[in-house]
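**Q** Provided below for reference: sequence and predicted model.
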2 protein chains.
Amino acid sequence: MRRFVIIGQTARADGDFRLDDLPGSSGRSDALLRCLRAAFLTSHGLRRNVEVYLILRGGGAAPRTLRVTSERVKFLRPDERSLALLVQKTLLAAPPALARDFVEIRPGLDLRQGDLELLLGELGSAPRYLLQEGAPDLRAALPPSDDGWFFMGDHLGLDTGSSARLLQLGCRPVAVGPLSLHAEDVVTLASNELDRAFARTDA
Amino acid sequence: MRRFVIIGQTARADGDFRLDDLPGSSGRSDALLRCLRAAFLTSHGLRRNVEVYLILRGGGAAPRTLRVTSERVKFLRPDERSLALLVQKTLLAAPPALARDFVEIRPGLDLRQGDLELLLGELGSAPRYLLQEGAPDLRAALPPSDDGWFFMGDHLGLDTGSSARLLQLGCRPVAVGPLSLHAEDVVTLASNELDRAFARTDA
């Protein structure tokens, strides 16, 4: 399973944002939403065996984790507004007293109460990577199979605490080029390396 | 100069679309708009020496060509709605009788009447590439410097006429991986190859 984890420092966990002003009202959830398109959608379909975890640290209900799974997700469209509407409906439909176990709220969209630390207890044995500016090239450090965890920050970057914890847990720091890029570009570039290495074809 | 040309088979040239239903009302201009973010924006700034040409073949005023130039563009934001608003304002502000020479309508956004064929008479000597599924890898065919034309289709792909004409004019067919991807992913991947090869740093 190919897994991307994007940590949204201010992304609202309660769905209380306006579709006509996502950057201003959602704690920059727009940056996270665009990662969903990049991870899942190809021209003619959906990549299989992919999960995206959005860590939502902003707003009243935070921290929450939204997990999107390729095998179950439906109605995933490429445009930002459709993605925002889907995620907003999911967040608003969640019970206020959400548990620490994932609950499927919409097809393929699971939500739970909990931050990065909870997820870090569940990583299993798959290789772990931390996407980081200036780190060694991912191209020279690919996993042996299309199985791994790829952690990254949002427009604010990763906070020092999360970053230190990920390194402590053995995440390998890697970069995808000489520039500091938007999270969605990082997802596109890492996905492409894995597509190339493991010869993915369209679903 | 790094130049991307995206051919929007149905993208509305008249700006007559709704921001709350871009995919449904703009002839899928959303796919083209997202290419602007991918070509220009990094985490902390704007790439320099980049131009994007959007060929708009849909709606009453078509065909028109919108050129965005990194050195002059202002107010370029990463979210789709902001990009759509900027482009819509540009299209709506253009005089109805638009010439075949580019006119700057907003800072860095130039518009003219004319389709791909007009542009093809102005390519100069920079290397020319056609992004195409199944073609040889761009990684093995990079230009000698960060100077080139990169042509690609939208969600409908390139029509046979445009594709044949580009090949006739010496465009080299290249691909960026094993899957057929959205135009914006292609822009991200090609930009990354050029960033890597020519050691771009943030502006």
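**A** Looks like it arrived, so ask away.

**Q** what's the distance between residue A:35 and chain B?
**A** Counting by Cβ to the nearest Cβ, to the nearest Å, the separation of residue A:35 from chain B is 12 Å. C-beta coordinates here come from the backbone N, C-alpha and C atoms, glycine included.

**Q** err, residue A:27, not the other one
**A** Distance from residue A:27 to chain B, by Cβ to the nearest Cβ: 13 Å.

**Q** Confirm for me that residue A:50 is in contact with residue A:41.
**A** No. Taking contacts as Cβ atoms under 8 Å, residue A:50 lies outside contact range of residue A:41: 10.2 Å.

**Q** And the two? Which one has more around it.
**A** residue A:50 (23 against 19; other Cβ atoms under 10 Å in any protein chain shown).

**Q** Please list all residues in contact with the more buried one.
**A** A:1, A:2, A:3, A:4, A:39, A:40, A:69, A:70 (Cβ atoms under 8 Å, 6 or more residues apart in numbering or on different chains).

**Q** Sort out which of those are buried, if you could.
**A** The neighbour-count test (16 or more other Cβ atoms under 10 Å in any protein chain shown) marks A:2, A:3, A:4, A:39, A:40, A:69, A:70 as buried among these.

**Q** and chain A, which residues reach chain B?
**A** A:19-23, A:30-31, A:34, A:37-38, A:41-44, A:77-82, A:155, A:176-182, A:185, A:188-189, A:192, A:195-196, A:199-202 (Cβ under 8 Å from any Cβ of the partner chain).

**Q** Filter those residues down to the ones in helices?
**A** A:22-23, A:30-31, A:34, A:37-38, A:80-82, A:185, A:188-189, A:192, A:195-196 (DSSP state H).

**Q** Just give me the neighbour total for residue A:152.
**A** Neighbours of residue A:152 (other Cβ under 10 Å): 22.

**Q** Skipping adjacent residues, who's closest to it in space?
**A** Using Cβ to Cβ, 6 or more residues apart in numbering or on different chains and skipping residues adjacent in sequence, the residue nearest residue A:152 is residue A:131, 4.1 Å away.

**Q** Kindly report the same for residue A:54.
**A** residue A:66 is the one closest to residue A:54 (Cβ to Cβ, 6+ apart), at 4.5 Å.

**Q** looking just at contacts, which helices and strands does whichever strand or helix holds the one you found meet?
**A** Assigned by DSSP states H and E, residue A:66 belongs to strand A:64-69. In terms of contacts (3 or more Cβ pairs under 8 Å, 6 or more residues apart in numbering or on different chains; DSSP states H and E), strand A:64-69 is packed against strand A:50-58, helix A:80-93, strand A:109-113.

**Q** so where's chain A shaky on pLDDT?
**A** Along chain A, the parts satisfying pLDDT under 70 run over A:200-203.

**Q** run the last query once more with 90
**A** Counting by pLDDT under 90, chain A has low-confidence residues at A:44, A:60, A:96-97, A:155-157, A:199-203.

**Q** Kindly list the longest strand within chain A.
**A** Among the elements of chain A assigned as strand by DSSP state E, the one spanning the most residues is strand A:2-12.

**Q** And that one, what does it pack against?
**A** Short answer (3+ Cβ pairs under 8 Å, 6+ apart): strand A:2-12 packs on helix A:29-40, strand A:50-58, helix A:116-120, strand A:148-153, helix A:183-197.

**Q** Other residues contacting the longest one?
**A** Going back to what we said before, that points to helix A:183-197. Against helix A:183-197 from outside (Cβ under 8 Å, 6+ apart): A:2, A:4, A:6, A:31-32, A:34-35, A:37-39, A:47, A:131, A:138-139, A:142, A:146, A:150, A:152-155, A:176-177, A:181, A:200, B:38, B:176-179, B:181, B:185, B:188-189, B:192.

**Q** so what's residue A:171 up against?
**A** So residue A:171 contacts A:128, A:129, A:130, A:149, A:151 (Cβ under 8 Å, 6+ apart).

**Q** Tell me how many other residues surround the fourth one.
**A** Here the neighbour count serves as a burial measure; for residue A:149 (other Cβ under 10 Å) it reads 24.

**Q** one step back: could you redo the helices and strands packed on strand A:2-12 as a markdown table and give each row distance to residue A:89?
**A** Output for the helices and strands packed on strand A:2-12, formatted as a markdown table (distance: least, Cβ to Cβ, whole Å):
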| stretch | distance to residue A:89 |
| --- | --- |
| helix A:29-40 | 13 |
| strand A:50-58 | 15 |
| helix A:116-120 | 23 |
| strand A:148-153 | 25 |
| helix A:183-197 | 21 |
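
**Q** Mean neighbour count, those: which tops it?
**A** Comparing the helices and strands packed on strand A:2-12 by mean neighbour count (mean count of other Cβ atoms under 10 Å in any protein chain shown), helix A:29-40 ranks first with a mean of 26.

**Q** In PDB, could you pull the C-alpha coordinates for it?
**A** This file holds the C-alpha atoms of helix A:29-40, laid out as PDB (Å, rounded to 0.1, in the frame of the first residue of the first chain):
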ATOM      1  CA  SER A  29      -7.300  23.000   3.500                       C
ATOM      2  CA  ASP A  30      -7.200  23.800  -0.200                       C
ATOM      3  CA  ALA A  31      -3.500  22.700  -0.200                       C
ATOM      4  CA  LEU A  32      -4.500  19.400   1.300                       C
ATOM      5  CA  LEU A  33      -7.400  18.800  -0.900                       C
ATOM      6  CA  ARG A  34      -5.300  19.200  -4.000                       C
ATOM      7  CA  CYS A  35      -3.100  16.300  -2.700                       C
ATOM      8  CA  LEU A  36      -6.100  14.000  -3.100                       C
ATOM      9  CA  ARG A  37      -6.300  14.600  -6.800                       C
ATOM     10  CA  ALA A  38      -2.600  14.200  -7.200                       C
ATOM     11  CA  ALA A  39      -2.400  10.900  -5.300                       C
ATOM     12  CA  PHE A  40      -5.500   9.100  -6.700                       C
END
